[in-house]
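Asks: With the sequence up front, the predicted model follows.
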Amino acid sequence: MPTERPIIIATRGSALALAQANLIAANGRFIFPKLRFELKILQTTGDKMQASMLAKKSGVSLPKGLFTKELEVALIKGQADLAVHSLKDLPTDLPAGLKLVATPKRADVRDVLIYRDASYLKNLKLKTQNLTPTEWSPGQSALRGLKPHIMLKDLPAKATVATNSTRRKAQLLAARPDLNVVEMHGNLPTRLRKIAERGELDATVLALAGLTRLNFQIESDETENARTSCPRSGRLVGDAVPDGLLATVLDLKVMLPCVGQGAIGIEIRADDERVGAICERLNHFNTFQCVTAERAFLRAMGGGCQSPVAAYAEIIGDKIFMRAASFRNKTAQHSEGKRPIVEAVALGEELAAQLK
């Protein structure tokens, strides 16, 4: 395979996007040690608009396609060879001449409830009682902390939970109709900081995969570690994590993920045989079939990335099994089914037909 020309990977510049692009580059260098893989960092329309919205504190959600447009333009113009996306952000209808060709092995698809630690806040208040007013952040005394290991059912009555996902909002209210669900924008570290600092917010819900890819961890006690290899709840720790945050991983029965959650998508020019051959080696077959079923479901539902629907497919034996839900009506609708692995698209379309 030619070695003189590097493989250019288009990516957004956020910490999570760079972590994902560097993962693909590292996998490529491992499999193809004679090839060079280089990142091309681009600011998307969605990035620019989100920054403007944060400055204006707007509550309007952005279409996810705005976070992929510039990467796809770079592909079409030959300025990049492949684009790396959080697959949940990639629209199901791609520009002419481009195609989704690979997904590495999927990360954990579950969501995580993030909230403040009551014990931490109590100890912090005791330590700062003798400080002068200028040494104490205004409003910190209003912060409400919660006990460790809580679930959605344990949140205080009328607690305020922040999320900009219509899918999460629908499932939060399905589980707890009394909750006050509000918008919150920004990258993952920004959202964590808002929960740590803003007394008007009690909690948020974030993807476990995103936390993991940024090297954030949930540290549980010895009893919890003995019970499961993946901690269900505990302290959230990491270089960019504010002190005093706790996390609880939510069961799929409570919070079904969005289409493509936890998966990284690799998009290329449809006629690029050289890069296509490289991406074949980067692909995890089972993951690709699962997200194919989920994306077929979303396309058949006629919704975009912000549509209030959820789906999760997994391979069990020689079959692909999928659960799906729609929250477009006042009453949540659920469906599930299974088919041979090669019938991923048909499975997604079948479940969509049942829920429309």
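Replies: Looks like it arrived, so ask away.

Asks: So in terms of bridging, what pairs with the residue nearest the centre of the chain?
Replies: By Cα atoms, centre = their mean, the chain has its centre lying nearest to residue 207, at 4.4 Å. Taking DSSP bridges, one obtains residue 111 as the residues bridged to residue 207.

Asks: Show the model's pLDDT score for the residue nearest to residue 260 when sequence neighbours are not counted.
Replies: Distance criterion Cβ to Cβ, 6 or more residues apart in numbering; nearest residue to residue 260, sequence neighbours excluded, is residue 87 at 3.5 Å. The way it works is simple: take the backbone N, C-alpha and C, and place the C-beta from them, glycine included. What the model reports as pLDDT for residue 87 is 95.

Asks: contacting residues for residue 87?
Replies: Contact analysis of residue 87 by Cβ atoms under 8 Å, 6 or more residues apart in numbering lists 100, 103, 260, 261, 263, 264, 265, 291.

Asks: Would you reformat those as CSV and include pLDDT and secondary structure?
Replies: Below are those laid out as CSV (pLDDT from 0 to 100; DSSP: H, G, I helix; E, B strand; the rest coil):
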residue, pLDDT, secondary structure
100, 98, strand
103, 98, coil
260, 96, coil
261, 96, coil
263, 98, coil
264, 98, strand
265, 98, strand
291, 98, helix
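
Asks: any weak-confidence spans in the stretch 201-350 of the chain?
Replies: Residue ranges of the stretch 201-350 of the chain with pLDDT under 70: 221-231, 303-306.

Asks: just so I have it, where are all the strands in the stretch 151-300 of the chain?
Replies: 160-162, 180-182, 203-207, 217-219, 233-237, 245-249, 264-269 (DSSP state E, counting those that start in this stretch).

Asks: Between those strands, which one is closest to residue 149.
Replies: In terms of Cβ to Cβ, the element of those nearest to residue 149 is strand 233-237, at 4.4 Å.

Asks: Please tell me how far the closest one is from the chain's geometric centre.
Replies: Chain-centre distance of strand 233-237: 18 Å, with Cα atoms, centre = their mean, to the nearest Å.

Asks: and of the contacts of residue 87, the nearest to residue 6?
Replies: Among these, and counting by Cβ to Cβ, the member closest to residue 6 is residue 264, at 20.1 Å.

Asks: ok, now which ones touch that closest one?
Replies: Contacts of residue 264 (Cβ under 8 Å, 6+ apart): 20, 23, 24, 84, 85, 86, 87, 103, 104.

Asks: Show me what it bridges to in the sheet.
Replies: residue 86.

Asks: Roughly how far does it sit from residue 68?
Replies: 13 Å (Cβ to Cβ, to the nearest Å).

Asks: which residues do these two both contact?
Replies: Joint contacts of residue 264 and residue 68 (Cβ under 8 Å, 6+ apart) are residue 85.

Asks: For the helix or strand where residue 40 lies, output the C-alpha coordinates as CSV.
Replies: Secondary structure from DSSP states H and E places residue 40 in strand 37-41. Presented in CSV, the C-alpha positions along strand 37-41 are these (Å, rounded to 0.1, in the frame of the first residue of the first chain):
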residue,chain,number,x,y,z
PHE,A,37,-2.2,9.3,9.9
GLU,A,38,-2.6,13.0,10.5
LEU,A,39,-5.5,15.0,12.1
LYS,A,40,-7.1,18.0,10.4
ILE,A,41,-9.0,20.0,13.0
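
Asks: which SSE is residue 9 in?
Replies: Here residue 9 is assigned to strand 7-11, by DSSP H and E.

Asks: Residue 98 is in contact with residue 267, correct?
Replies: Yes - if you go by Cβ atoms under 8 Å, residue 267 and residue 98 touch, sitting 5.7 Å apart.

Asks: overlap in contacts of these two?
Replies: 72, 75.

Asks: Have a look at those two and say which one is more surrounded.
Replies: residue 267 (25 against 18; other Cβ atoms under 10 Å).

Asks: Spit out the contact partners of that one.
Replies: Neighbouring residues of residue 267 by Cβ under 8 Å, 6+ apart: 68, 71-72, 75, 82-83, 85, 90, 94, 98-101.

Asks: With residue 244 instead?
Replies: Going by Cβ under 8 Å, 6+ apart, the list of residues near residue 244 reads 116, 117, 120, 121, 124, 145, 196.

Asks: quick check, nearest of those residues to residue 9?
Replies: residue 196 (33.1 Å).

Asks: Just the pLDDT for the closest one.
Replies: 94.

Asks: Just give the number of residues close to it.
Replies: 21.

Asks: Any idea how many residues pack against the closest residue to it other than its chain neighbours?
Replies: Excluding the flanking residues, the one nearest residue 196 by Cβ to Cβ, 6+ apart is residue 242, at 3.6 Å. If you count neighbours by other Cβ under 10 Å, residue 242 ends up with 15.

Asks: Just confirm residue 242 contacts residue 191, I think it does.
Replies: No - with contact defined as Cβ under 8 Å, residue 242 does not reach residue 191; the gap is 10.6 Å.

Asks: who are the neighbours in contact with the residue nearest to residue 107 when sequence neighbours are not counted?
Replies: Leaving aside its sequence neighbours, residue 107 sits nearest to residue 209 (Cβ to Cβ, 6+ apart; 3.8 Å). When the contact criterion is Cβ under 8 Å, 6+ apart, the partners of residue 209 are 106, 107, 108, 109, 261, 262.
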